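Undergrad: Got a sequence here, can you model it:
(one chain, ligands or ions: 1)
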Amino acid sequence: MDVLLEAIELTKQYKGLKAVAGYSVKISRGEIRGLIGPNGAGKTTTFNLLTSMVKSTSGNIYFEGKKITGVRADQIARLGICRTFQNIRLFKNLTVLENVLIAAQIKKKYNFMSVLLSSPSFLREEKHLVDRSLELLETMGLINAKDIKARNLPYGQQRKLEIARALAVGPKLLLLDEPAAGMNPSESTELMGLIRYLRDKFKLTIFLIEHDMKFVMNLCEKIQVLNYGTLIAEGSAAEIQNNPDVISAYLGRAVESA
Ligand SMILES: Nc1ncnc2c1ncn2[C@@H]1O[C@H](COP(=O)(O)OP(=O)(O)OP(=O)(O)O)[C@@H](O)[C@H]1O
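TA: Numbers count the residues shown, from 1 in each chain. Here you go, the predicted model:
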């Protein structure tokens, strides 16, 4: 098995609460993996730990065999772990194309003088970035919206723009936090096909959090289930659906909130 990402015994403690407790995962290159669990189970915290957006209390993370525990979030993105957010984070007053361009520039380190003097190499590079960003918008079905301000995009398209921004950084591993949230059934079915297409086209590995069970069960080859910060199950869609611990975790929460 060609393991792209491995986490061993990750824990995040907030005062008296263990948001994530001893979480481990091994994700193979090319896989589409799902992470589910009731509200507050620790899913987003897990993504925050994997991308160094929060510091783990203990545990280790390895990416392509190298230890990345404690590496800064911007460096994690440059190494090839990029993500989207549950609460969409776009530059709302910039256009769709500008949003992607900003993300595409993360990997480039311009020499200040070459930018100031608009040197030929900078202009060449800039054209390359624009071309690549336009290509990405084409792939995501957003090309006709390229000059529209992000705030004026319909919600489902804002979610797609977030994915385009993450792709612009050039990830190997793409983490999607509730990519289908707020989408109608036909949009989420279309998104499923798009995610498979992106995985193949860009040779990605995808790890996603999603509350839409149909989406997760149809798309993910393997699924993990968190409950109160602890991993309670891991397996195929059929294994997860029939797992009594998973069923009682979801039913238990439903009873609590009734
Ligand atoms: N910065 C923080 N300080 C204190 N507690 C936090 C913090 N971030 C998260 N938590 C707590 O950690 C637990 C896990 O939260 P998390 O957001 O990871 O869950 P989740 O599974 O993503 O939930 P949801 O499905 O509702 O998005 C929750 O009890 C939450 O209140």
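Undergrad: My reading is that residue 6 is in a strand; is that accurate?
TA: Yes - assignment of residue 6 by DSSP: H, G, I helix; E, B strand; the rest coil places it within a strand.
Undergrad: what residues are up against it?
TA: Applying CB atoms under 8 Å, 6 or more residues apart in numbering, we find residue 6 in contact with 24, 25, 26, 27, 61, 62. The C-beta positions use only the backbone N, C-alpha and C, and glycine is treated the same way.
Undergrad: Do I have it right that the fourth one meets residue 4?
TA: Yes - using CB atoms under 8 Å as the test, residue 27 is close enough to residue 4 to be in contact (5.6 Å).
Undergrad: what touches both of these two?
TA: A shared contact of residue 27 and residue 4, defined by CB under 8 Å, 6+ apart, is any residue touching both; here these are 173, 205.
Undergrad: hang on, the earlier thing: closest to the ligand out of the contacts of residue 6?
TA: If you rank the contacts of residue 6 by distance to the ligand using CB to the nearest ligand atom, residue 25 comes first, at 14.9 Å.
Undergrad: Give me the number of neighbouring residues for the residue lying closest to the closest one once chain neighbours are set aside.
TA: Leaving aside its chain neighbours, residue 25 sits nearest to residue 7 (4.9 Å; criterion: CB to CB, 6 or more residues apart in numbering). As a burial measure, residue 7 scores 22 neighbours (other CB atoms under 10 Å).
Undergrad: thought residue 7 was touching residue 58?
TA: No - counting by CB under 8 Å, no contact exists between residue 7 and residue 58, whose distance comes to 11.5 Å.
Undergrad: May I have the beta-bridge partners of residue 233?
TA: Bridge pairing for residue 233 (DSSP bridges) gives the partners residue 225.
Undergrad: quick one: it and residue 244, what's the gap?
TA: With distances defined as CB to CB, to the nearest Å, the gap from residue 233 to residue 244 amounts to 9 Å.
Undergrad: Looking at these two, which is more packed in?
TA: With other CB under 10 Å as the criterion, residue 233 and residue 244 differ in neighbour count, and residue 233 comes out ahead with 19 against 8.
Undergrad: how about the top helix by length along the chain: buried residues?
TA: For the chain, the helix that runs over the most residues, judged by DSSP state H, is helix 120-139. For helix 120-139, the buried set under the neighbour-count rule, 16 or more other CB atoms under 10 Å, comprises 122, 125, 126, 129, 132, 133, 134, 136, 137, 139.
Undergrad: And stretch 85-93, by the same measure?
TA: Within stretch 85-93, the residues that count as buried by 16+ other CB under 10 Å are 85, 88, 90.
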